[in-house]
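Undergrad: Show me the folded form of this:
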Amino acid sequence: MSSFTIASIPREELLAPGHRMCQGCGAAIVMRHLLKALGKDVVIAHATGCVEVTTSVYPETAWRVPWIHVAFENAAAVASGIEAAVKALKRKGSLSREKRVKVVTIAGDGGTYDIGLQALSGMLERGHDVLYVLYDNEAYMNTGIQRSGGTPLYAWTTTTPVGRVWRGEWRKKKDIVGIVRAHRIPYAATVNFAYITDFYTKIRKAAEIEGPTFIHAYAPCVPGWRYEPHLTVKLARMVVQTGIWVNYEIERETFRVTTPVPKRLPVSEYLKLQGRFAHLTKEEIDAIQRMVDEDAEYINKLAGSVVIGPVEKRG
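TA: Numbers count the residues shown, from 1 in each chain. The predicted structure follows:
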C-alpha cells in the first residue's frame, strides 16, 4: 500500500479525552493514533495494564469503538475467540461477508513478553486474523514499576534496584519481534510515534493483511522512566537516532528498515534524559553502547546493507 502523509491523518478522535493517563504518556499517544489509523470497524481485546486501568474507570470509558477488558494473560486468546465468532456470523449470514471487521489485541510489555506470551504464541500458530499491538513502556508500570522481559539493561525498576552490588536490570531486553518472527506470520513491524507517517503506514498495512500481524510500539512512561513530561517526543526521536530502537518491518520474511540512521548519536544522549539511568557509570554506558553497536551490525546483516550507520564522533 502507499505511504501515509500528515494530511491523511483522520481528524476524528476515537479515544475520548478525560482519561487518566499521565501528562506526557507515550502510551496515550500510541492509543490515540492507533485508533485513528484503524477506524471504527474494529473489536479490541485489551489486557489488564496501565492503559486499560486509566481509560476505563467505572462507570466511564475513553473507547469510542467496541472494546473488551480481559485478564493480563489471555488477551490474544480472547481475540482468537472474537475472530472465530466474526467468521461464524458471516457463515450464518448474520454479518455481511463483505464487512471488514478487524479484531485487535492491545497489551503492554508485561502482558506480552511475560504473562501473555503463551496465548500470543497460540494465536500466531493458529493463524487467526488478528492484529496484536504491544505498547512497550519497558516495565510493569500499572503495579509499581517492576521489571519485565522488556526492561533494558541497567535500567532501575523497583525490582531491579541500584546499589553497590545490583546495578539495575542485569539482563538484556528480550527480542520479542524475533520470537514473533519465528512463527512465520505475514507481517511484523516496530513503530515509533515520533515518525508518525511511518507509524500510520504500518498500522494500516498490518490491519489490511489477512492473518496474524504484530506491531511493537515504543511507549515512554513519565513516572517509570523518571523524566519530564515535555521530553516524551524528544525521547522517541532520540531512541531511533541512537540506534537503540530501530523502525523496521518484516513482510513475509522480507526484512526492511524504514527509518535509516546514517550516523548514530551516542547512547549517552538518550540515557542522560532519564532518571532510571542516572546511576550509570562510564563503563556501564560503554557496555550499552557496545551492545547497541552489535545490534546495529545484526540489523545491517538482515537488511543486506548499511542502514544503521556508525556512531557520530563528537568533541
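
Undergrad: So what touches stretch 306-315?
TA: Stretch 306-315 has contacts (C-beta atoms under 8 Å, 6 or more residues apart in numbering) with 243, 246, 257, 260-266, 289, 293, 296, 299-300. All C-beta spots, glycine's among them, are computed from the backbone N, C-alpha and C.

Undergrad: List the buried residues of that stretch.
TA: Applying a neighbour-count criterion of 16 or more other C-beta atoms under 10 Å, one finds V307, I308, V311 buried in stretch 306-315.

Undergrad: The contacts of stretch 306-315 in helices, which ones?
TA: Q289, D293, A296, I299, N300 (DSSP state H).

Undergrad: The third one contacts R264, doesn't it?
TA: Yes: here A296 lies in contact with R264, judged by C-beta atoms under 8 Å, at a distance of 7.1 Å.

Undergrad: what do those two both touch?
TA: Shared contacts of A296 and R264, counting by C-beta under 8 Å, 6+ apart, come down to G243, I308, G309.

Undergrad: OK, contacts around the first one?
TA: Shown here is G243, whose contacts under the criterion C-beta under 8 Å, 6+ apart are V261, R264, V267, V292, D293, D295, A296, I308.

Undergrad: Checking the residue most central in space within the chain next. Helix, strand or coil?
TA: Residue closest to the average C-alpha location in the chain (C-alpha atoms, centre = their mean): A217, at 2.1 Å. Put simply, A217 is strand when judged by DSSP: H, G, I helix; E, B strand; the rest coil.

Undergrad: And it, how close does it get to Q23?
TA: With distances taken as C-beta to C-beta, to the nearest Å, A217 is found 19 Å from Q23.

Undergrad: Same question for V292.
TA: The value you get for V292 to Q23, if C-beta to C-beta is used, is 29 Å.

Undergrad: still on that earlier bit, can you say which of the contacts of stretch 306-315 are buried?
TA: G243, V246, V257, V261, R264, L265, P266, Q289, D293, A296, I299.

Undergrad: and of these, the nearest to E98?
TA: Distance to E98, by C-beta to C-beta, is smallest for V257 among the buried ones among the contacts of stretch 306-315, at 36.1 Å.

Undergrad: Hmm, the closest one is touching A303, no?
TA: Yes: if you go by C-beta under 8 Å, V257 and A303 touch, sitting 5.2 Å apart.

Undergrad: Mutual contacts of those two, please.
TA: Shared contacts of V257 and A303, counting by C-beta under 8 Å, 6+ apart, come down to Y248.

Undergrad: follow-up on the earlier one: make JSON lines out of the buried residues of stretch 306-315 and add distance to M123 and secondary structure.
TA: Output for these, formatted as JSON lines (distance: C-beta to C-beta, whole Å; DSSP: H, G, I helix; E, B strand; the rest coil):
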{"residue": "V307", "distance to M123": "30", "secondary structure": "coil"}
{"residue": "I308", "distance to M123": "31", "secondary structure": "strand"}
{"residue": "V311", "distance to M123": "39", "secondary structure": "strand"}
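
Undergrad: my guess is M141 meets C221, correct?
TA: Yes: using C-beta under 8 Å, M141 makes contact with C221 at a distance of 5.1 Å.

Undergrad: Could you name every residue contacting both of the two?
TA: C50.

Undergrad: Could you check the pLDDT of the closest residue to E73 other than its chain neighbours?
TA: Distances taken as C-beta to C-beta, 6 or more residues apart in numbering place I115 nearest to E73, at 4.5 Å, with adjacent residues excluded. For I115, the pLDDT comes out at 97.

Undergrad: What count of nearby residues applies to I115?
TA: 22 (other C-beta atoms under 10 Å).

Undergrad: my guess is it meets A75, correct?
TA: No: I115 is not in contact with A75 according to C-beta under 8 Å; the separation is 9.8 Å.

Undergrad: Pairing partners for the residue nearest to A207 when sequence neighbours are not counted in the sheet, please.
TA: Distances taken as C-beta to C-beta, 6+ apart put K102 closest to A207, at 5.1 Å, once the chain neighbours are dropped. Here K102 shows beta-bridge partners V42, assigned using DSSP bridges.

Undergrad: show me where pLDDT drops low in the stretch 1-150 of the chain?
TA: Counting by pLDDT under 70, the ranges of the stretch 1-150 of the chain that qualify are 1-3.

Undergrad: try 50 this time
TA: Scanning the stretch 1-150 of the chain for pLDDT under 50 picks out the ranges 1.

Undergrad: What segments of it are helices?
TA: With DSSP state H, counting those that start in this stretch as the criterion, the stretch 1-150 of the chain has helices at 26-38, 50-55, 75-92, 117-126.
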